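S.K.: Here is a sequence with its predicted model. Questions after.
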Amino acid sequence: MYNKWVKSKAATRLLTQALCVRRVMNKPPKEIDDAKVLEWAWSGRKPFGELLYESGELAAEIFGLAICQYDDSETIYRFSCDANWTTEQDAQYQSVAEAKQNLPVQYRNIEAHWQKYE
């Protein structure tokens, strides 16, 4: 079962990479996980970085970063997303500026060029 899952994850990763080669810019939806997207950044053909399992195996590649806010909250969230804007990791901040300044080192393979959501 595990071996089948690993092969499936590898196939998904290869498909994601193939799709990203064709997409230079991939705008996110207006909302991610029911939170309004305020600003976003797309890495292009190469990911901002990776998430790894404790074993060291690749869990996800991060192609999209989104700064979001829920309607009923003052908290700002930074969502780290795969190539389909599925959230793989999030973090909470007090401001948009703080969310941008505190990107984890693992997401600095590509410089983030932030865009306001329009």
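M.R.: Now that the structure is in, tell me what you want to look at.

S.K.: so which helix or strand takes in residue 73?
M.R.: Per DSSP states H and E: residue 73 is located in neither a helix nor a strand.

S.K.: How about the residue positioned nearest the centre of the chain, nearest residue that isn't a chain neighbour?
M.R.: The centroid of the chain falls nearest to residue 81 when counting by CA atoms, centre = their mean (2.1 Å). Leaving aside its sequence neighbours, residue 81 sits nearest to residue 64 (CB to CB, 6 or more residues apart in numbering; 3.9 Å). Placement of C-beta: from N, CA and C, glycine included.

S.K.: And residue 80, by the same measure?
M.R.: Residue 80 sits nearest to residue 89 (CB to CB, 6+ apart), 4.3 Å away.

S.K.: List the contacts of that neighbour.
M.R.: 51, 62, 79, 80 (CB atoms under 8 Å, 6 or more residues apart in numbering).

S.K.: Dump these into CSV; add secondary structure as well.
M.R.: Formatted as CSV, the contacts of residue 89 follow (DSSP: H, G, I helix; E, B strand; the rest coil):
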residue, secondary structure
51, strand
62, strand
79, strand
80, strand
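
S.K.: Identify the farthest-apart pair in those residues.
M.R.: The widest separation within the contacts of residue 89, taken as CB to CB, falls between 51 and 79 and amounts to 12.6 Å.

S.K.: Against which helices or strands is the helix or strand that contains residue 98 packed?
M.R.: Assigned by DSSP H and E, residue 98 belongs to helix 96-101. For helix 96-101, the elements it packs on are strand 35-42, strand 64-69, strand 76-81, judged by 3 or more CB pairs under 8 Å, 6 or more residues apart in numbering; DSSP states H and E.

S.K.: correct me, but residue 37 touches residue 67?
M.R.: Yes. Shown here, residue 37 and residue 67 form a contact pair, counting by CB atoms under 8 Å, at 7.4 Å.
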